[in-house]
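Asks: got a predicted structure plus its sequence, pasted below:
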Amino acid sequence: MKSHTEYLTFSTSKREEFVLITEQVAKAVRTSGVREGMVLVSAMHITAAVYVNDAEVGLIEDIKEWLRGLAPDKDYRHHRTGEDNGSAHLKNLVLHHQVILPITNGQLDLGPWQQVYYAEFDGQRRKRVVVKVMGE
């Protein structure tokens with residue numbers, strides 16, 4: 001079995017930002033030489049997420065609004081530690097920090113509307129995603 005690892009880095013300009021990373025993941029798959037297998041895409045931060053959905057601006061705004069409703073900015077117990085990002089930790093739990101995607105014939109095998117996103121909830125500093133390609 002082959003494996004290939006790449007790290008994507010982001011410096012977001014806003015505290016909350018959604019970054020389309022489908023092409024970077026597809027490029028890592030092509031570079032790996034893996035023809036059949038899977039790719040793990042994982043945010044390396046507990047206040048960020050990786051998810052798959054449609055790349056439609058209205059939907060992204062709906063997701064942001066939905067998450068703000070589930071984890072609004074308020075005075076969380078976590079803030080007693082000196083942090084102010086309690087809602088970011090909770091948003092990570094809802095969207096989760098990683099996805100596993102299929103590779104078929106050397107290509108990222110997504111459905112017609114599926115795109116890979118990195119969702120940042122406590123940004124404005126350097127963040128990373130690990131892309132781990134595995135297969136034959």
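Replies: Perfect, I can see it now.
Asks: how much space separates the spatially most central residue of the chain from Arg77?
Replies: In the chain, the centroid-proximal residue (CA atoms, centre = their mean) is Val50; its distance is 2.0 Å. Val50 sits at a distance of 26 Å from Arg77 (criterion: CB to CB, to the nearest Å). Just so you know, the C-beta spots here come from the backbone N, C-alpha and C atoms, and that holds for glycine as well.
Asks: next one: Thr22
Replies: Per CB to CB, Thr22 is found 37 Å from Arg77.
Asks: so what's the closest residue in space to Leu40 that isn't next to it in sequence up against?
Replies: Ranked by CB to CB, 6 or more residues apart in numbering and with sequence neighbours excluded, the top spatial neighbour of Leu40 is Lys132, at 4.4 Å. For Lys132, the contacting residues are 3-5, 39-40, 42, by CB atoms under 8 Å, 6 or more residues apart in numbering.
Asks: whichever of those end up buried, select them in PyMOL.
Replies: Buried residues within the contacts of Lys132, by 16 or more other CB atoms under 10 Å, are selected in PyMOL with:
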select buried, resi 4+39+42
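Asks: between the contacts of Lys132, which sits nearest Leu90?
Replies: Ser42 (18.6 Å; CB to CB).
Asks: nearest spatial neighbour of the closest one, skipping sequence neighbours?
Replies: Distances taken as CB to CB, 6+ apart put Gln98 closest to Ser42, at 3.7 Å, once the chain neighbours are dropped.
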